[in-house]
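Enquirer: Using only what follows, build the 3D model:
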Amino acid sequence: MEINTARELQLFNGKNFHVFIYNKVESISGLHQHDYYEFTIVLTGRYFQEINGKRVLLERGDFVFIPLGSHHQSLYEFGATRILNVGVSKRFFETHYSPLVPFCFVASQVYHVKNEFLTWIETVIASLNFRDNEFDEFIETVTFYVVNRLRHYREEQLETDDVPPWLRTTVERMHDKLRFGENALENMVALSGKSQEYLTRATQRYYQKTPVQIINEIRINFAKKQLEITNYSVTDIAYESGYSSPSLFIKTFKKLTSFTPNSYRKNLTVIN
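Expert: Model prediction:
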């Protein structure tokens, strides 16, 4: 199988970073590798990334870090996915970040951005108005954070691996629109096969969230995707996302994103 090589010399134009923020529905590069470093953070949606022969699922807040020479491709089987994709030049990365990369590193490992930092990233992107070198400073900060997260994977892995399979499956299946819509909490309880009290204790223990908080995050993630890729009205998206009223939807959206739906849509920015 042919593996193409994306080259820094052709893409970076002498800069330290090569950055895209965009909605993707399909891969145009196929199986390829780089002569530079790269990471991708999922802002909205979910997709598969195949890295060195292993397929992994990435959802909102997840990222993968791909070093030089790792062959990989993206597979968008769930529709449009909004991502922050950053390439870092070999020289700049090895000068500033290499000492932070752990000795035992697996390219096909999925990592997660903490919610507070992800919210900051989204806030900056949605209000993008940089002067001089401010954008590079933003990307340098994000890159430092991403590489630093690699160092703490062992601790996070233990926490994630402790999640019972029944609970992991329940949360995964709640991404189905038919389940997070009307009667979402009842649907989640039924999927779990447990009582609502037992489910609540489990989600609080393993996700530090209640079932309703998990449902709201799934709904708002869906709504953001609709705001990004459709022209549907906020009212229509509110009902499509499972909310009983537009006002409740707007209140929840602002609480989780710091933006109203209209301001989020207005400030969507694509860099390429």
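Enquirer: just the helices in the stretch 51-200 of the chain please.
Expert: With DSSP state H, counting those that start in this stretch, the ranges of helices along the stretch 51-200 of the chain come out as 90-96, 115-126, 134-151, 153-161, 165-173, 177-180, 184-192, 196-207.
Enquirer: would you turn those into CSV with distance to residue 227, mean neighbour count and mean pLDDT?
Expert: C-beta coordinates here come from the backbone N, C-alpha and C atoms, glycine included. Formatted as CSV, the helices of the stretch 51-200 of the chain follow (distance: least, CB to CB, whole Å; neighbours: other CB atoms under 10 Å; pLDDT from 0 to 100):
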stretch, distance to residue 227, mean neighbour count, mean pLDDT
helix 90-96, 34, 15, 93
helix 115-126, 11, 16, 86
helix 134-151, 22, 16, 90
helix 153-161, 30, 11, 50
helix 165-173, 23, 15, 92
helix 177-180, 16, 16, 92
helix 184-192, 20, 18, 96
helix 196-207, 25, 15, 92
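Enquirer: need the contact list for residue 76.
Expert: 24-27, 47-48 (CB atoms under 8 Å, 6 or more residues apart in numbering).
Enquirer: name the element the closest residue to residue 243 other than its chain neighbours belongs to?
Expert: Leaving aside its sequence neighbours, residue 243 sits nearest to residue 249 (CB to CB, 6 or more residues apart in numbering; 3.9 Å). Here residue 249, judged by DSSP states H and E, is contained in helix 246-257.
Enquirer: Next, the buried residues of the helix or strand just after that helix.
Expert: Note on helix 246-257: by DSSP H and E, the next helix or strand toward the C-terminus is helix 261-266. For helix 261-266, the neighbour count (16 or more other CB atoms under 10 Å) marks 261, 264-265 as buried.
Enquirer: what's the answer for stretch 210-230, then?
Expert: Neighbour counts over stretch 210-230 (16+ other CB under 10 Å) mark 211, 214-229 as buried.
Enquirer: List the ones among those residues that fall in helices.
Expert: The helices, defined by DSSP state H, take in 211, 214-229 from the buried residues of stretch 210-230.
Enquirer: mind giving me the domain split of this structure?
Expert: 4-153, 163-266 (automatic domain parsing).
Enquirer: Verify the contact between the residue nearest to residue 243 and residue 261 for me.
Expert: Yes - Residue 249 is within contact range of residue 261, at 7.3 Å (criterion: CB atoms under 8 Å).
Enquirer: How much space separates the closest residue to residue 267 other than its chain neighbours from residue 120?
Expert: Distance criterion CB to CB, 6+ apart; nearest residue to residue 267, sequence neighbours excluded, is residue 126 at 4.2 Å. Counting by CB to CB, to the nearest Å, the gap from residue 126 to residue 120 is 11 Å.
Enquirer: Check residue 66 too.
Expert: From residue 66 across to residue 120, the span is 23 Å (CB to CB).
Enquirer: Same question for residue 234.
Expert: Distance from residue 234 to residue 120, by CB to CB: 24 Å.
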